[in-house]
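> Next input, structure requested:
(one chain, ligands or ions: 2)
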Amino acid sequence: MLPFPVFAHVAPTSVSAAVAAIASPGARVVAGGTDLLPSMKHRLFEPTLLVSTRRIAGLRDVGRADDGGMWLGSGLTLREVSRLPEVKAEYPGLVAACRSVATPTIQAMATLGGNVLLDTRCMYYNQPQGWREALGGCLKKDGSVCHVAPRGRGCYATCSADTVPTLVLLGAEVELVSTRAVRRVPVAELYREDGIAPIRMEPDELLTRVWLPRSAGATVHRKLRPRQAIDYAQLLVAAGGQKGAYTVVLGAVTSSPVRVSGADAEAVAEAAWRAVQPLATQLSAATWRKKMVRVETRRAVEALGS
Ligand SMILES: Cc1cc2nc3c(=O)[nH]c(=O)nc-3n(C[C@H](O)[C@H](O)[C@H](O)COP(=O)(O)OP(=O)(O)OC[C@H]3O[C@@H](n4cnc5c(N)ncnc54)[C@H](O)[C@@H]3O)c2cc1C
Ligand code: SF4
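Ligands and ions are numbered 1, 2, ... in the order given. This is a model prediction of the structure:
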C-alpha cells in the first residue's frame, strides 16, 4: 500500500472561494481524484493543499448556449455526461468517449474537467517513486534523460484522455476562471506538443465549463486498447464530416491531439498515417501502432456511414 504525502484539504462551495484557495502556493484542484490521487501516491505531484470541486453545485450544471450549442459543468461525472438526453441526441461521439474511460465505477467518480486536464502518460513515468528512482527518473520527473527516446530532445508522453479528440473535433471550448480573469479557450488550443508541460493553463485557473457548439452531425469515437475495460488507449480516433470533407482527430499517440482531413476514408487514413509516428509501448510495437492508425482511421470514417 503506497502512502499519501502530507496535505491539507478544503472543499469550498463556490467558484470564487475555490479560485481564491487555488491561488495559494502549493495548491491543486482535485475533482474525482481518479488520476490525481494515485499520482500523489506515486509522488508525481505533491501538493500541500487540495482544493476539492465536489461541493461546488454550479460545476454540475448544464445549460443551452445562444448558438444552439450547450455547456457542461466541469464537475459533471463522465457517467452523468453520458446519460444527459441532449448529449445522447446531439453528441453521440462524446457519449461513446465518456463510456470508454476505464470502468463504469471510475466513470461514476471521474469528471469531465479532470479528463480534459489529464496529465500526459508514459510507461516510465506512471510508476511508483522507487520504480522510477531505480532508473534515475526521466526528463518529465526527477531525471535528465528520456528512456523512450534517449537521443531525443524532449518528452514524448502522450495525451491519452478519451474525451479530448472528440472535444477538439466538435470545436469545444473551455472556460477558465482565476482571481484575475475569466477566459474561454478552444480545447484544440489547450494542448501543446510538450509531454512535460502539455497544458496551456495557469496553475491558479479553475476549469468551470465545457462549451459545445451546435451539433454539426454525427461523430464517431474509436478506442484501440488491449482490453475493453480499464486500459488506457493505444490510439483514440474521433471522426466527423460527410462525403467529400471528413475530419479526424487522433489521440494517445503524441503529447497533443492531431487533426487531419480528407475527401474519403482512404485519403483521411493516409493523412493520419503520415501525420503521426507512435512509439512502442509495453504491449505493442511502434510499427503495429502505426499500421493501426491507418486501419482505425478508415474504420472511424466508414462508421460515419455517409
Ligand atoms: C484504473 C484507471 C484507468 C483509467 N483509464 C482511463 C482511460 O481509459 N481514459 C482516460 O481518459 N482516463 C483514464 N483514467 C484516468 C482518469 O480516471 C480520468 O482521466 C478522469 O476523467 C480524470 O478525472 P478526475 O475528475 O478523476 O480528475 P482528477 O484526478 O481529480 O484530476 C486530474 C487533473 O485535473 C486537474 N483538475 C481536475 N478538475 C479541474 C478543474 N475543474 N480545474 C482545474 N484543474 C482541474 C487536477 O488538478 C489534476 O491535475 C484512468 C484511471 C484509472 C485509475
Ligand atoms: S517520454 Fe517523457 S515521461 Fe516518458 S521517459 Fe521520456 S521524458 Fe520520461
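
> ok, which residues in the stretch 101-250 of the chain are in contact with ligand 2?
122, 124-125, 138-140, 146-148, 155-157, 195 (C-beta under 6 Å from any ligand atom). The C-beta positions use only the backbone N, C-alpha and C, and glycine is treated the same way.

> quick one: least confident of those residues?
Ranked by pLDDT, those bottom out at V148 (91).

> Hmm, it is touching Y156, no?
Yes. Here V148 lies in contact with Y156, judged by C-beta atoms under 8 Å, at a distance of 5.3 Å.

> Next, show the common contact partners of the two.
Both V148 and Y156 are contacted by 122, 279, under the criterion C-beta atoms under 8 Å, 6 or more residues apart in numbering.

> what are the phi and psi angles of V177?
With angles defined as degrees, to the nearest 10, V177 sits at phi -120, psi 130.

> got it, and S52?
Backbone geometry at S52, expressed as degrees, to the nearest 10, gives phi -80, psi 140.

> which residues touch it?
Neighbouring residues of S52 by C-beta under 8 Å, 6+ apart: 9-12, 29-31.

> how close does L135 get to G68?
Distance from L135 to G68, counting by C-beta to C-beta, to the nearest Å: 51 Å.

> Please say which of these two ends up with more neighbours.
The residue with more neighbours, out of L135 and G68, is L135; 13 against 10, by other C-beta atoms under 10 Å.

> Which positions in stretch 264-271 come out as buried?
Within stretch 264-271, the residues that qualify as buried are 265, 268-271, counting by 16 or more other C-beta atoms under 10 Å.

> pLDDT on it, on average?
97.

> CA atoms of that stretch as PDB?
Output of stretch 264-271 as PDB, limited to C-alpha atoms (Å, rounded to 0.1, in the frame of the first residue of the first chain):
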ATOM      1  CA  ASP A 264     -12.800  10.000 -48.300                       C
ATOM      2  CA  ALA A 265     -11.900   7.200 -45.800                       C
ATOM      3  CA  GLU A 266      -8.800   6.200 -47.700                       C
ATOM      4  CA  ALA A 267      -7.500   9.800 -48.000                       C
ATOM      5  CA  VAL A 268      -8.000  10.600 -44.300                       C
ATOM      6  CA  ALA A 269      -6.400   7.200 -43.300                       C
ATOM      7  CA  GLU A 270      -3.400   8.100 -45.400                       C
ATOM      8  CA  ALA A 271      -3.100  11.600 -44.000                       C
END
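
> if you go through the stretch 51-200 of the chain in chain order, where are the helices?
With helices called from DSSP state H, counting those that start in this stretch, the stretch 51-200 of the chain shows them at 78-83, 85-90, 92-99, 104-107, 112-116, 129-134, 163-170.

> how about R294, secondary structure?
On the three-state scheme (DSSP: H, G, I helix; E, B strand; the rest coil), R294 is labelled helix.

> and what of the one 5 residues further on?
On the three-state scheme (three-state DSSP), R299 is labelled helix.

> For the nearest residue to it once chain neighbours are set aside, name its beta-bridge partners.
Nearest residue to R299, sequence neighbours excluded (C-beta to C-beta, 6 or more residues apart in numbering): R222, at 6.3 Å. Taking DSSP bridges as the rule, R222 bridges to V237.

> got a pLDDT number for R222?
R222 carries a pLDDT score of 98 in this model.

> again with S306
We have a pLDDT of 64 for S306.

> Point out where this structure drops to low pLDDT.
The chain contains residues with pLDDT under 70 at 306.

> Try it again at 90.
Applying pLDDT under 90 to the chain flags the ranges 1, 57, 67, 149-153, 216-217, 226, 228-230, 278-285, 305-306.

> And the strands in it, which stretches?
Taking DSSP state E, the strands of the chain run over residues 8-10, 27-30, 49-52, 62-64, 70-73, 173-177, 182-186, 206-212, 219-224, 235-242, 245-251, 258-262.

> Let's have the ones you listed in TSV, adding distance to L304.
Formatted as TSV, those follow (distance: least, C-beta to C-beta, whole Å):
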stretch	distance to L304
strand 8-10	45
strand 27-30	36
strand 49-52	40
strand 62-64	26
strand 70-73	22
strand 173-177	24
strand 182-186	23
strand 206-212	19
strand 219-224	6
strand 235-242	6
strand 245-251	7
strand 258-262	13
